[in-house]
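Asker: How does the following fold in three dimensions:
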Amino acid sequence: MRDLIGRLEVVDGDAASALRVIDYFDRLVDEHAPIGAFVRAAAVLAGCPAGLHVAGRGLTRRSAADGRALPEDDSHAWPRAVVPGEAGSWVWLERTGAPGPLDALVLERLARAIHALSASSAPRSAGAAVRIACDPDATPADRRDAATRLGLAGPVTVVVRAAGERPSPRSAEIGPHVVTLLPGTPALPGDIQAGTAVAERPELLPTAFARARVALRLADRPAGLGPSLVSYHELGALAAVAERFSAPEASAVDDVRRLDELLIARPWVIDTLQAVTGQATLRQASAILHVHHSTVQERLAWLATRLGYAPTEPVGRHRAAVALLLWRIAHSDDEPADGGPGHRSRGPAVGGSGADGAGSGA
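Answerer: Next comes the predicted model:
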């Protein structure tokens, strides 16, 4: 091949360039190069950023023309080439202006190389089927096929948890989450931190996945006083708030910033507000906090002076409830479903009722 390229360069530079592209990708396939190497090759050969999305592996890769990795983003409407035999997978070049003379060939060889790489790997796993079923950019037919391989028909419950152990064969890691698809609407244990949503049929799984992510943003830790298992369909108007606020936006709200400041010295702040806004009486709140009701009254008096409002008054109660909602969004590990996954470090550890500051230095 290299001898042929050398001879063609003398008489037909364009043909030599085309053969060089083919040879480049063929050598990467022969070497079983990592998938990022193929994207870098396409970007360098085309002289513009290149991208790849593989639904079955739940990954997106982009590279600049100089080989630098770019942030993962497949939302732009660049011309795409489908990877043959790979459901919900494609490649693209981020070319502005007129296409380059080798663009079509680079895309075609990149797509074929990814197909060859996938064909030589292990058979597609159940996890790959989960990713395809939840991928909004996969075709409806591909999602139906994936759901069929998973044995799913009719309603499907999507359970989204933070990354960790996969609890069932129908689980897969998608971004920073573990996603599990359950047939029907089964009862779930209440001691997990998760968001859930129901897809009435498998074709609607991407929407249910996005909604379950929204619900997860409002889930408390299992040992907390708020719900740790949150269903999107029970949120109503609260879901609209979680969908529209990013974590940085929620963090910037004055009432949320004030809660974070108070938590530094008083780790009971969040649990106390949760109990007071979630229970009908202070005695009920003190019971679930496992403290005397007089301690709760002391805490609330202290909070009223620091927050600037009384959480027991009608307006203050609503204000505290909204502040708690935004605080959970601010400290969630995810962004709204239409903004892509985001990573944030969690805020101050929230203690239970054991460490009480109201009676000791409030």
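Asker: where does the stretch 201-350 of the chain have low pLDDT?
Answerer: Within the stretch 201-350 of the chain, the stretches with pLDDT under 70 are 333-350.
Asker: Please enumerate the helices of it.
Answerer: Remark: helices assigned in the stretch 201-350 of the chain by DSSP state H, counting those that start in this stretch are 205-216, 237-244, 247-251, 254-265, 269-278, 282-289, 293-307, 314-330.
Asker: Now do the buried residues in the longest one.
Answerer: Buried residues in helix 314-330, counted by 16 or more other Cβ atoms under 10 Å: 316-317, 319-330. Heads up, the C-betas are built off the backbone N, CA and C, glycines and all.
Asker: Ok, the third one next?
Answerer: By neighbour count, and taking 16+ other Cβ under 10 Å as the criterion, the buried residues in helix 247-251 are 247, 250, 251.
Asker: And those, which is closest to residue 160?
Answerer: Nearest to residue 160 among the buried residues of helix 247-251 is residue 247, at 16.2 Å by Cβ to Cβ.
Asker: what's the neighbour count on the closest residue to residue 216 other than its chain neighbours?
Answerer: Excluding its sequence neighbours, the residue lying closest to residue 216 (Cβ to Cβ, 6 or more residues apart in numbering) is residue 195, at 3.1 Å. Using other Cβ atoms under 10 Å, residue 195 is surrounded by 27 other residues.
Asker: Then the one 10 residues further on?
Answerer: Using other Cβ under 10 Å as the criterion, residue 205 is surrounded by 27 other residues.
Asker: contacting residues for it?
Answerer: By Cβ atoms under 8 Å, 6 or more residues apart in numbering, the contact list for residue 205 reads 133, 134, 143, 147, 156, 158, 181, 199.
Asker: go on, residue 168?
Answerer: 180, 182.
Asker: rerun that using 7 Å as the cut-off
Answerer: residue 180 (Cβ atoms under 7 Å, 6 or more residues apart in numbering).
Asker: sec struct for it, please.
Answerer: What DSSP: H, G, I helix; E, B strand; the rest coil gives for residue 168 is coil.
Asker: Next, it: phi, psi?
Answerer: phi -150, psi 170 (degrees, to the nearest 10).
Asker: re earlier: include secondary structure, pLDDT and distance to residue 234 when you put the contacts of residue 205 into a markdown table, please.
Answerer: As requested, the contacts of residue 205 are exported to a markdown table (DSSP: H, G, I helix; E, B strand; the rest coil; pLDDT from 0 to 100; distance: Cβ to Cβ, whole Å):
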| residue | secondary structure | pLDDT | distance to residue 234 |
| --- | --- | --- | --- |
| 133 | helix | 89 | 24 |
| 134 | helix | 89 | 21 |
| 143 | helix | 83 | 26 |
| 147 | helix | 89 | 25 |
| 156 | strand | 95 | 18 |
| 158 | strand | 96 | 15 |
| 181 | strand | 95 | 20 |
| 199 | strand | 95 | 16 |
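Asker: Which PyMOL command selects the buried ones in those residues?
Answerer: Buried residues within the contacts of residue 205, by 16+ other Cβ under 10 Å, are selected in PyMOL with:
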select buried, resi 133+134+143+147+156+158+181+199
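Asker: quick one: which of the contacts of residue 205 is nearest residue 286?
Answerer: Distances from residue 286 to the contacts of residue 205, taken by Cβ to Cβ, are shortest for residue 158, at 37.1 Å.
Asker: isn't that closest one right up against residue 197?
Answerer: Yes: using Cβ atoms under 7 Å, residue 158 is in contact with residue 197, at 5.3 Å.
Asker: Go ahead and list the helix or strand containing residue 196.
Answerer: Assessed by DSSP states H and E, residue 196 sits inside strand 194-199.
Asker: Paired strands for that strand, with orientation please.
Answerer: Paired with strand 194-199 in the same sheet, following DSSP bridges, are strand 156-162 (antiparallel), strand 229-231 (parallel).
Asker: just those strands: most buried one?
Answerer: Among those, the stretch with the highest mean neighbour count (mean count of other Cβ atoms under 10 Å) is strand 156-162, at a mean of 24.
Asker: And it, how far out from the chain middle?
Answerer: When distances are taken as Cα atoms, centre = their mean, to the nearest Å, strand 156-162 is centred 12 Å away from the chain's centroid.
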